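Predicted model and sequence below, questions to follow.
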Amino acid sequence: MDKIIKWTCKTVQLFNKLANAIPTKEVTAKETQIIIPDVEVTIDAPGSVESGSDFTVWINASGIIDLNSGQFDLVYDADSVEIKGSEGGTESVSDGMIGNVSDGMIEGVKLPVALWGHIPSNKPGVVHILLKMPGLSTASGSGYLVAIHFHAK
């Protein structure tokens, strides 16, 4: 049986290498899209999934200039889907994957996930993700901020 899934990405904050916020205005989440001046963040996720299936949700971005770090929350229906693996942080890094949250890629430049976890802790439904480039390095262009791997219940 297919499950209908609604996805919302909120609290998007992006920063340059000087830790200055990339200019934004108050953002309002549409069903799968947030518009920040010159930066567009979208959720690439299925609208419905079959019970028992695994799938990936991509948080895409375009128009990025000098991104060094960022954070956001992804809201999902914890009664229908779960993030594969356990809640994770930097201790479980393996081949660019922290738990089952994978690093992003902007124009061929890896965008590492520094930390992720549920809000509140260990309570699925909202996942908070922190991104951080090493040192003062930056990424510009288009690509994905993160890939999150889910399992449909």
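Sure thing, it's come through. Numbering: from 1, shown residues only.

Going by C-alpha atoms from here, please, whenever you check contacts or count neighbours.
OK.

mind listing what's buried in stretch 114-126?
114-118, 124-126 (16 or more other CA atoms under 10 Å).

from the residues you listed, which is closest to Tyr76?
Taking CA to CA as the measure, Tyr76 lies nearest Gly125 of these, at 5.1 Å.

Please report the distance of that closest one from Glu82.
Going from Gly125 to Glu82 by CA to CA, to the nearest Å gives 8 Å.

Excluding chain neighbours, what is closest to Ala152?
Val81 (4.3 Å; CA to CA, 6 or more residues apart in numbering).

Cross-check the contact I'm expecting between that neighbour and Phe150.
Yes: contact status for Val81 versus Phe150: in contact at 6.5 Å, counting by CA atoms under 8 Å.

Tell me where this structure is predicted with low confidence.
Applying pLDDT under 70 to the chain picks out residues 1-38, 85-99.

Sketch out the helices for it, chain order is fine.
Shown for the chain, no helices are assigned by DSSP state H.

Strands - which of the buried residues of stretch 114-126 land there?
Those of the buried residues of stretch 114-126 mapping onto strands are 114-118, 126, per DSSP state E.

I'd guessed Lys51 sits against Lys153; true?
Residue 51: Ser, not Lys. Yes: counting by CA under 8 Å, Ser51 touches Lys153, with 5.3 Å between them.

Is Trp58 bridged to anything, and to what?
Counting by DSSP bridges, Trp58 forms beta bridges with Asp44, Ala147.

Let me see the contact set for Pro134.
If a contact means CA atoms under 8 Å, 6 or more residues apart in numbering, then Pro134 has Asn68 as its contacts.
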